[in-house]
Every structure is written in structure tokens, then in C-alpha cells.
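S.K.: Fold the following, please.
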Amino acid sequence: MTKRSGSVCGGRIVECEAYLGPEDPASHAACGLTDRNRYMFGPGGVAYVYMIYGMHLCFNVTAGKKNEPGAVLIRSLEPGCGIEKMKERRGVDDLKRITTGPANLARALGITLEDNGKKLPSEDIFLAGRSGTFEKKVVSTPRIGISKGVHFRYRFLAPDSDFISGSVKKTAYLKQI
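M.R.: Predicted structure coming up:
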């Protein structure tokens, strides 16, 4: 969730992808420590925000120990609060399009490059747990939108959600975890 200019925006994360260290060829950490990926090499619980295609931002949360890089890309969110503000930021009216996909999600939440490196929770970005038992299924699939390390089943999603990115059908490649 984010709190920007008095607006709280967020919802339930329904899709994410894990990226590991040097052994994961799709990870930014595979090439070693750089200025761009330095937060992946720090402790977990830090926002890792970067630009892709020179125009879109992706929001990750680091998930490793110091010098053991890892991050989780937040790919899609089922909107729960601040929906009108998220629609405004995205310039779309279709609820299913405002937070589906990592670039759309970052824009809808108001994530900027200035958020890169923020310790989470911060005063304006935070992840909130859900009280009670989570009863929905989660499945793992190969990651999407990459060309290396596709075989790793590091994409995790709620298969019944209408808010996941890409097309996922209930087929044999879905593996319940």
C-alpha cells in the first residue's frame, strides 16, 4: 500500500516473481553488484525500484541477507482501496487494468524512482498482512516477460484472480504449492 498526498492506495497482492542471486540468470544480481542493483545486495525489506524500457517502473521488495541478493517483483494487485486515485494515475477506467502488470501497478500506487532504497515499511509505502487464514490457492509457474531462467517456477499467483498479468489458464503447467 502507498500513502501519497493524503490518498491511501492498495489491495491484495495476487502475483509476484522471485529473483535470486548470481545463480539466477534473469536476476539483476546475476551480473554482480552494480549501482543499479545495489539494494538487492543489502538486507531484505527494502524497496528496489528500477526503470525498464526507459519509461516504466517496477517495484520489488528485497528478500535476502546482506551480500546474498534477492528480490520479489510485485506484478499485480487486486485493488482494495484508493481505487479512484489509482484510476486517475493510470488514466484508465477499467478496474482490471489499473494494477495488472508491474509497470501499471507501480504507476497506480504512485511509486517513483525516489522510492528506490527505502526501508519498508516507510511512512508512505508499506505491506500489510492479512488477519485470519488465507484460504485461496497459490500456484507457481514459470516467470514471464524474460528470456533467461524461464524454467524456474518463481512466479507465484492466485489463479482464480481476475487481476493477474498475462494469460493463465487452468492447465497442467500450474503447480499448486
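S.K.: Tell me the first helix or strand C-terminal of the longest strand along the chain.
M.R.: Of all segments of type strand in the chain, defined using DSSP state E, the longest is strand 7-19. Moving toward the C-terminus from strand 7-19, the next helix or strand (DSSP states H and E) is strand 47-52.
S.K.: Quick check: mean pLDDT of that next one?
M.R.: Strand 47-52 shows a mean pLDDT of 96.
S.K.: So what touches whatever helix or strand comes next after that strand?
M.R.: Downstream of strand 47-52, the next assigned helix or strand under DSSP H and E is strand 56-62. Here strand 56-62 makes contact (C-beta atoms under 8 Å, 6 or more residues apart in numbering) with 19, 39-40, 42-52, 69-74, 102-103, 105-107, 109, 111-113, 115, 120, 127. The way it works is simple: take the backbone N, C-alpha and C, and place the C-beta from them, glycine included.
S.K.: give me that answer again for 7 Å
M.R.: 39-40, 42, 44-52, 70-74, 102-103, 105-106, 111, 113, 120 (C-beta atoms under 7 Å, 6 or more residues apart in numbering).
S.K.: Looking only at it, what residues are buried by neighbour count?
M.R.: Across strand 56-62, burial judged by 16 or more other C-beta atoms under 10 Å covers 57, 58, 59, 60, 61, 62.
S.K.: CSV for these, including pLDDT?
M.R.: Below are the buried residues of strand 56-62 laid out as CSV (pLDDT from 0 to 100):
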residue, pLDDT
57, 97
58, 97
59, 98
60, 97
61, 97
62, 96
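S.K.: What is the nearest of the residues you listed to residue 95?
M.R.: Set against residue 95, the nearest of the buried residues of strand 56-62 by C-beta to C-beta is residue 59 (19.8 Å).
S.K.: What's the ChimeraX line that selects buried ones from the contacts of strand 56-62?
M.R.: A single ChimeraX command selects the buried members of those (16+ other C-beta under 10 Å):
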select :39,40,42,44,46,47,48,49,50,70,71,72,73,74,102,103,105,106,111
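S.K.: Quick check, central residue of this protein?
M.R.: Centroid check for the chain by C-alpha atoms, centre = their mean gives residue 74 as the closest residue, at 0.7 Å.
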